[in-house]
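In: Turn this into a model:
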Amino acid sequence: MRTALVQVASPAAEPVVQRRERVAAMVAETAGADLVVLPELWMPGYFAFDAYPELAEPLHGDTVMAAREWARRLGCHLHMGSVLERTDDGRLHNTAVLIGPDGGILHTYRKMHVFGYQSREAELLSPGETTGTAATALGRIGTTTCYDLRFPELYRTLVDEGAETIVVCSAWPAVRRHHWRLFTATRAVEEQVVLIACNAVGEQAGGVRLGGHSRIVDPWGDVLVEAGDDEGITFCDVDTSVIQSARTEFPVLADRRLPAVHTPTRNEV
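Out: This is a model prediction of the structure:
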């Protein structure tokens, strides 16, 4: 599975329409890749909180429709990162979208763990409430977004739903890059999946610098590729047979035991 990680910068001074055209040109350079992955909220810029109401779009708005056309032209699977979705009832979500080679939407995921530390995401956006995976020609894929990396139960749920590869789009700050490396490796090893994580780069609104270093980690914890600090495309050929071979040779998922539920006695209540 030839994979392209497209690290995108979202400078505050750049008009968003111009940004979409620039990213379209970057995606066009990934021709030949089976899976192309973009970061979290690259179109508005994650930290452009004041502009969220203005820049939110319906799921079939201009940005998603453009990305569907990119996937169709390239004949690839495109995880377009996440978009700022406005629903019919006026709520806003941070929604990741996976598109198939025919331009059809295969899967969407509304970020469940919205971020409140030095962030207005939890104030402005509604959390998602459901998970899911998509059966694709590349295997069964699950998706999460950025801060979700800190919640292992979400990843175990995706594995229980059949996920073999998990794609994570992010706008992870550079100041916590060591956590980025720790959690991406840990989630890959504990869930025995190929974890594909694409992060944003550059300085965004509020002077926050994003960490880059998009990476792919296999079920053994081996880092197959890791990008640098700059905007650009990083390619990696991933042998997905490593997922089943790891699960067969070291069957930790099969050895899983759930603790018995403790029922309090009358004296404990």
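In: by contact count, what packs against the strand ranked longest in the chain?
Out: With secondary structure taken from DSSP state E, the chain has its longest strand at strand 77-86. Strand 77-86 sits against strand 35-37, helix 62-74, strand 92-99, strand 165-170, with contacts defined as 3 or more C-beta pairs under 8 Å, 6 or more residues apart in numbering; DSSP states H and E. All C-beta atoms are positioned from the backbone trio N, CA, C, and that covers glycine.
In: just so I know, which of these lies nearest residue 232?
Out: The closest of these to residue 232 is strand 35-37. By C-beta to C-beta, the value is 13.3 Å.
In: Parallel or antiparallel, list what pairs with that closest one.
Out: strand 2-7 (parallel), strand 77-86 (parallel) (DSSP bridges).
In: quick one: buried residues of the shortest one?
Out: By neighbour count with 16 or more other C-beta atoms under 10 Å, strand 2-7 contains the buried residues 3-7.
In: same deal with stretch 175-183?
Out: 177, 180-181, 183.
In: Of those residues, which belong to helices?
Out: 177, 180-181, 183 (DSSP state H).
In: Would you mind measuring the gap between the ends of stretch 204-214?
Out: Using C-alpha to C-alpha, to the nearest Å, the end-to-end distance of stretch 204-214 comes out at 17 Å.
In: cool, and stretch 108-126?
Out: Stretch 108-126: ends 15 Å apart by C-alpha to C-alpha.
In: Which parts of this structure are helices?
Out: Under DSSP H, the chain gives helices at 16-28, 52-55, 62-74, 121-124, 152-160, 177-191, 241-249.
In: wait, which of the ones you listed is closest to residue 115?
Out: helix 121-124 (4.6 Å).
In: Of all the residues in the closest one, which ones are buried?
Out: So, applying 16+ other C-beta under 10 Å, buried residues of helix 121-124: 121, 124.
In: what's the most buried one of the helices and strands packed on strand 77-86?
Out: Here the criterion is mean neighbour count by mean count of other C-beta atoms under 10 Å, and of the helices and strands packed on strand 77-86 the winner is strand 165-170, at a mean of 27.
In: Pairing partners for it, with directions?
Out: Partners of strand 165-170 in its sheet, by DSSP bridges: strand 139-145 (parallel), strand 194-199 (parallel).
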